[in-house]
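Q: Prediction below, plus the sequence it came from.
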Amino acid sequence: MFTVRASEIREYIEAFVVAVVLALFIITFVAQSFLVQGSSMEPSLTDGQRLMVDKLSFRFRDPAIGDIIVFQYPTDPRRRFIKRVMGLPGDEILIKEGQLFVNGHRLVEEYINGPTYGAYTRDYGPVVVPADSYFVLGDNRRNSDDSRYPDVSFVPRGLIVGRALLLYWPVVEAGVVRVPDELRDL
């Protein structure tokens, strides 16, 4: 007959509590899973993919142009959006004839799905990104609710959850989420 002693039960309970506390710590401060919903980041990310979001690195460095970030939707902080950082605090953003200009330099964006237009008109800006905020765009510029629209506008630093780090589902597409080469030196 199998008997369980009180000390063994206590040991199991302690191990379970430690595991739960450790998991909560990791989800709160280190990394968290995120499900891509919609087509706004195509072709870079597609609907149904799962990512690991790094919540730690932005505690030590600022977001950079090209980083894909997850942030709380400004008008409903319970929702999470995923977009690419395209303007830093103090940058001047201009969209002219389908081309994105940052600080007067036209960006060559071979990774996007279609030209970039303004929210309600063909052109957008020029606008200056406010202090402690970021200008974000989806890679599918024809189907993305992003900084061009007043409901998102500039994303305050405090609403940024973290940086997309690792694509883990589907497994055949797994890998590190990278900044496109043309954005690395900006």
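A: All right, it came through fine.
Q: Give me the sheet partners of the longest strand along the chain and which way each runs.
A: Looking across the chain with DSSP state E, the single longest strand is strand 76-87. Using DSSP bridges, the strands paired with strand 76-87 are strand 68-73 (antiparallel), strand 133-137 (antiparallel).
Q: packing partners for the helix or strand following that strand?
A: Downstream of strand 76-87, the first helix or strand assigned by DSSP states H and E is strand 92-96. Judged by 3 or more C-beta pairs under 8 Å, 6 or more residues apart in numbering; DSSP states H and E, strand 92-96 is in contact with strand 99-102, strand 124-128. For glycine as for every other residue, the C-beta is placed from the backbone atoms N, C-alpha and C.
Q: Is it possible to get JSON lines of these that adds distance to Glu173, mean neighbour count and mean pLDDT?
A: Listed next are these as JSON lines, based on distance: least, C-beta to C-beta, whole Å; neighbours: other C-beta atoms under 10 Å; pLDDT from 0 to 100:
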{"stretch": "strand 99-102", "distance to Glu173": "27", "mean neighbour count": "18", "mean pLDDT": "93"}
{"stretch": "strand 124-128", "distance to Glu173": "32", "mean neighbour count": "16", "mean pLDDT": "92"}
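Q: so can I have TSV of the ones you listed showing distance to Arg61?
A: Listed next are these as TSV, based on distance: least, C-beta to C-beta, whole Å:
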stretch	distance to Arg61
strand 99-102	19
strand 124-128	22
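Q: Find the nearest non-adjacent residue to Lys83, please.
A: Closest residue to Lys83 apart from its sequence neighbours, by C-beta to C-beta, 6 or more residues apart in numbering: Val136 at 3.7 Å.
Q: Would you agree that neighbour is in contact with Ile82?
A: No: taking contacts as C-beta atoms under 8 Å, Val136 lies outside contact range of Ile82: 9.2 Å.
Q: Next, show the common contact partners of those two.
A: Jointly contacting Val136 and Ile82 under the rule C-beta atoms under 8 Å, 6 or more residues apart in numbering are 69, 71.
Q: I'd guessed Phe58 sits against Ile160; true?
A: Yes: with contact defined as C-beta under 8 Å, Phe58 counts as touching Ile160 (6.3 Å).
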